[in-house]
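Enquirer: This is a predicted model, with the sequence first.
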Amino acid sequence: MEDTQNSIYALKTSAGQERNVARMLAKKAKESGLGLRAVIVPESLKGYVLVESSTKIDMRNPHMRIPHLRGVVESKDKKEGSNIVSFEELKKFLKPEPIISSINKGSIVELISGPFKSERAKVIRIDESREEVVLELIEAAVPIPVTVKADQIRIIQKEAD
Amino acid sequence: MSQKACVSCKRISFKERCSVCHNPTSDNWSGFLIIIDPENSDVSKELGIELPGEFALRVR
C-alpha cells in the first residue's frame, strides 16, 4: 500500500457550530472531491475543527464557502507548511483522557450543571471506576457531602493549598 | 431525539443498538469525528476505523 501524504489543518468556526461545519465539510468533500479524509471536532477546542486532507486547504476554493467557517488558522511563521498541525499533537485529541484522572483530592471545583450549578466545592473523595466525585460545598453553612459525575464539574484549582 | 454513540465502535446513530456491530448505544458521549475516506486516512488507522461515517471520540 502506498504511503499517504495527509496534513492536518485547523479551521476556525463560529463557537457552537463546530459539528454543523464538520458535517457540511464532509458533505462538500463527498460531492466535489476535496481531498478531505477526516474531520475532527475535539470537545476541548471550542470554535475550531481539525481536518485531515491530502491537498492544501485553500479558502478561495468555492467549495470551502460554508456558513460559520471563518478560515484556516495561519501561523505567523510564513514558512511552507507552518500552519499544519502535527499528527502527534492531534493524537491527544483523538484519545482524550478522562476528566477524573486530572482531579485530585482537595481540588477546588465549580459545578457546571445540576441543582448546585455555579457553586464552588472541594473534592473530598474520588471514585475512578464510576467516574464520580464526592464534594463538599464551600459556601454551605453545614458541610454536606454531594456525589456528582465527573463531567458535571470544572476544575478551578488543581491542588489544595 | 438525541443522537447516541455505540459503546463499542463509537459510531453515532439515533438507534438503541448500533446498526453495524449491534452493541448498545449511550447518550453520554463527547467529541465528534467524521471519517470520509477510511482507507487513506491516518486518523482512521490510528483509531482502527474501517468504515466511513460519524463517530464520537469518547463514550461513557
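Expert: Alright, I've got the coordinates.

Enquirer: ok, now how distant is the spatially most central residue of chain B from chain A?
Expert: Closest to where the C-alpha atoms of chain B average out (CA atoms, centre = their mean) is B:Arg11, at 1.9 Å. Distance, B:Arg11 to chain A, using CB to the nearest CB, to the nearest Å: 14 Å. In short, each C-beta sits where N, CA and C put it, glycine included.

Enquirer: How much space separates that residue from A:Lys91?
Expert: Separation of B:Arg11 from A:Lys91 (CB to CB, to the nearest Å): 21 Å.

Enquirer: now A:Val21
Expert: 22 Å.

Enquirer: what about the two, which has more around it?
Expert: Taking other CB atoms under 10 Å in any protein chain shown, A:Val21 and A:Lys91 do not tie; A:Val21 has more neighbours (23 against 11).

Enquirer: Tell me the buried residues in the host helix or strand of that one?
Expert: Assessed by DSSP states H and E, A:Val21 sits inside helix A:18-32. By neighbour count on 16 or more other CB atoms under 10 Å in any protein chain shown, the buried set for helix A:18-32 is A:18-26, A:28-29.

Enquirer: again with stretch A:5-13
Expert: A:6-13.

Enquirer: what do you get for stretch A:149-161?
Expert: Those would be A:149-153, for stretch A:149-161 by 16+ other CB under 10 Å.

Enquirer: In three-state terms, label the residue nearest to A:Leu34 when sequence neighbours are not counted for me.
Expert: Spatial nearest neighbour of A:Leu34, excluding adjacent residues (CB to CB, 6 or more residues apart in numbering or on different chains): A:His63 at 5.6 Å. Secondary structure assignment for A:His63 (DSSP: H, G, I helix; E, B strand; the rest coil): helix.

Enquirer: residues in contact with A:His63?
Expert: A:28, A:31-32, A:34 (CB atoms under 8 Å, 6 or more residues apart in numbering or on different chains).

Enquirer: Show the pLDDT at the residue of chain B positioned farthest from its centre.
Expert: If you look at how far each residue of chain B sits from its centre, by CA atoms, centre = their mean, the farthest one is B:Asn40, at 18.0 Å. For B:Asn40, the pLDDT comes out at 87.

Enquirer: what bridges to the residue nearest to A:Lys122 when sequence neighbours are not counted?
Expert: Among residues not flanking A:Lys122 along the chain, A:Glu136 sits closest, at 5.1 Å (CB to CB, 6+ apart). Beta bridges link A:Glu136 to A:Lys122, A:Pro145, judged by DSSP bridges.
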